[in-house]
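S.K.: Any chance you could fold what I've pasted below:
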Amino acid sequence: MVKFRDFTIGEVFQIKKGIRLDRNKIPLDAFNGHHPYVSRTESGNMVSDWIDYDESYLSPGNVLALGMDTFVFTYQAKPFFTGDKIKIATLRNYSLNESIAMYLITAIRKAMASLSWGVNMDEEKLKKVEIELPVSKVNTPDWDYMEQHINSIKKDVFGEEIKSYINHLLIGNDTSVLTEKKEFREFIVGKLFSIRPTKNYGMTNDTLFKTPGKNPVISNISFNNGVVNYIGLEPTEKGGILTFSDTGTYATESVFYQPTDFIGYSHVQGMYPLFDPNILNEDVGLYLVTSIRKAVNGIYDYSRKFTRDSLMETSIELPIDQNNEPDWLYMERYIKAIKGNIGEALVNNIDRIQ
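M.R.: Prediction:
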């Protein structure tokens with residue numbers, strides 16, 4: 001039976017500052033290059049650009065990159081350039097690889113879920129954060145177990161249930177909608193949705209997460225569809241709505257469609273349709289999420305907060321029908337076609353991925 005214990009991040013990693021390269025000082029002809037430029041973004045494995053530049057600015061690969069004020073942690077396999085407030089973590093007594101990195105990132109994210117966005121996370125505080133890891137017979141991290149555990153998940157990633165879902169994506173796949181000519185117009189979000197805070201239990205994370213279960217808790221993170229944990233308490237909100245966080249550096253990337261009933265969280269806002277709620281299925285929801293994210297991208301920062309009131313006044317571009325109203329059917333067909341293309345790509349690459 002595998003045993004676990006808590007380790008501080010400082011025990012596991014040696015942490016140092018990345019070699020800062022100011023993006024604003026990078027010449028335009030350096031972009032579209034071969035080396036990743038790692039920033040604090042949560043998308044694209046933290047890679048915001050690819051550049052060719054003075055290689056003395058490169059940080060080493062096979063490390064974790066840490067976004068200090070955004071709580072973003074990713075594995076960087078190859079040497080990379082980096083912007084401001086990025087720390088680099090290397091294992092103290094072992095050689096990191098992708099599988100071990102994936103295990104460690106999951107453990108770190110789980111630990112960070114109990115921290116509030118906006119916490120001033122400096123290096124010393126980070127080193128004291130405790131993460132739960134499997135231990136060997138000599139009470140040190142069991143690296144072999146971590147690697148084997150992740151490798152087994154990779155092998156099962158295309159199990160029968162997943163393959164069945166991929167086949168479901170391919171049923172009736174009609175890609176003609178992707179090239180269909182369509183008219184669009186602007187709609188005010190506040191005319192489409194009522195927005196208010198989601199109901200929550202008002203507990204501390206230690207108490208809230210005490211009982212494991214199957215009901216998702218939607219928090220202020222901007223990955224994993226906002227799900228920070230699954231617990232045994234009853235849902236506070238019905239599924240079939242959009243959610244977003246009104247706090248955090250990457251709040252504009254926290255807009256998600258929630259397909260199932262869930263438990264709300266402080267600073268998580270619910271978007272409740274003013275149109276027929278039966279229209280807001282997963283495909284329409286994903287289309288609206290993308291439209292909203294596109295509309296608010298690059299507008300909000302520390303000085304201009306992404307809030308309920310600001311989103312209510314935001315205009316989003318949507319396809320329209322012959323009555324000049326949102327064409328919900330087109331949105332649904334469009335997302336289904338994209339899903340179908342993804343399904344085909346997965347089918348064509350299953351053997352290579354496995």
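S.K.: among the helices and strands of the protein, which one scores worst on average pLDDT?
M.R.: helix 160-170 (a mean of 64; mean pLDDT, DSSP states H and E).
S.K.: helix or strand right after that helix?
M.R.: As assigned by DSSP states H and E, the chain's next helix or strand after helix 160-170 is strand 184-188.
S.K.: Can you list the buried residues in that next one?
M.R.: Across strand 184-188, burial judged by 16 or more other CB atoms under 10 Å covers Phe187. For glycine as for every other residue, the C-beta is placed from the backbone atoms N, C-alpha and C.
S.K.: which residues make contact with the following helix or strand past it from outside it?
M.R.: The helix or strand immediately downstream of strand 184-188 is helix 189-192, counting by DSSP H and E. For helix 189-192, contacts defined as CB atoms under 8 Å, 6 or more residues apart in numbering pick out 195, 271, 273-275, 292, 311-316, 326.
S.K.: Would you mark the buried spots in helix 189-192?
M.R.: In helix 189-192, counting by 16+ other CB under 10 Å, buried: 189-190, 192.
S.K.: Could you export those to JSON lines, including columns for pLDDT?
M.R.: Converted to JSON lines, these look like this (pLDDT from 0 to 100):
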{"residue": "Val189", "pLDDT": "97"}
{"residue": "Gly190", "pLDDT": "97"}
{"residue": "Leu192", "pLDDT": "98"}
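S.K.: Identify each of the helices in this protein and give its residue range.
M.R.: 9-12, 98-112, 123-128, 143-156, 160-170, 189-192, 205-208, 282-296, 308-312, 328-353 (DSSP state H).
S.K.: among these, which is nearest Pro36?
M.R.: Nearest to Pro36 among the helices of the chain is helix 98-112 (15.0 Å), distances taken as CB to CB.
S.K.: I'd like the distance from that closest one to the chain centre, please.
M.R.: 14 Å (CA atoms, centre = their mean, to the nearest Å).
S.K.: Check which helices and strands it is in contact with.
M.R.: In terms of contacts (3 or more CB pairs under 8 Å, 6 or more residues apart in numbering; DSSP states H and E), helix 98-112 is packed against strand 63-67, strand 72-76, strand 130-135, helix 143-156.
S.K.: Single out the most deeply packed of those.
M.R.: Mean neighbours per residue, mean count of other CB atoms under 10 Å, is largest over these for strand 63-67, with a mean of 24.
S.K.: Give me the contact list for that one.
M.R.: Here strand 63-67 makes contact (CB under 8 Å, 6+ apart) with 13, 15, 18, 38-40, 42, 46, 72-76, 80, 82, 85-90, 96, 101, 104-105, 126.
S.K.: re earlier: pipe the buried residues of helix 189-192 into a markdown table and attach distance to Ile26 per row.
M.R.: Formatted as a markdown table, these follow (distance: CB to CB, whole Å):
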| residue | distance to Ile26 |
| --- | --- |
| Val189 | 35 |
| Gly190 | 39 |
| Leu192 | 40 |
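S.K.: What is the burial count for Lys85?
M.R.: For Lys85, the count of nearby residues is 16 (other CB atoms under 10 Å).
S.K.: Correction: the previous question concerned Arg308.
M.R.: With other CB under 10 Å as criterion, Arg308 counts 15.
S.K.: Pretty sure it sits against Ile195.
M.R.: Yes - Arg308 lies in contact with Ile195 (CB atoms under 8 Å); the separation is 4.8 Å.
S.K.: Spatially nearest residue to Ile221 (excluding sequence neighbours)?
M.R.: Distance criterion CB to CB, 6 or more residues apart in numbering; nearest residue to Ile221, sequence neighbours excluded, is Val228 at 5.8 Å.
S.K.: my bad, should have said Asn297
M.R.: Distance criterion CB to CB, 6+ apart; nearest residue to Asn297, sequence neighbours excluded, is Thr252 at 6.3 Å.
S.K.: and the one you found, how far is that from Leu64?
M.R.: With distances taken as CB to CB, to the nearest Å, Thr252 is found 25 Å from Leu64.
S.K.: Repeat that for Ser194.
M.R.: For Ser194, the distance to Leu64 - CB to CB - is 41 Å.
S.K.: Ok, Met312 next?
M.R.: Met312 sits 38 Å away from Leu64, going by CB to CB.
S.K.: So what's the residue count around Gly33?
M.R.: Neighbour count of Gly33, defined by other CB under 10 Å: 15.
S.K.: do the one 10 residues further on as well
M.R.: Applying other CB under 10 Å, we find 12 other residues in the vicinity of Ser43.
S.K.: Local confidence estimate at it?
M.R.: At Ser43, the predicted lDDT confidence score is 70.
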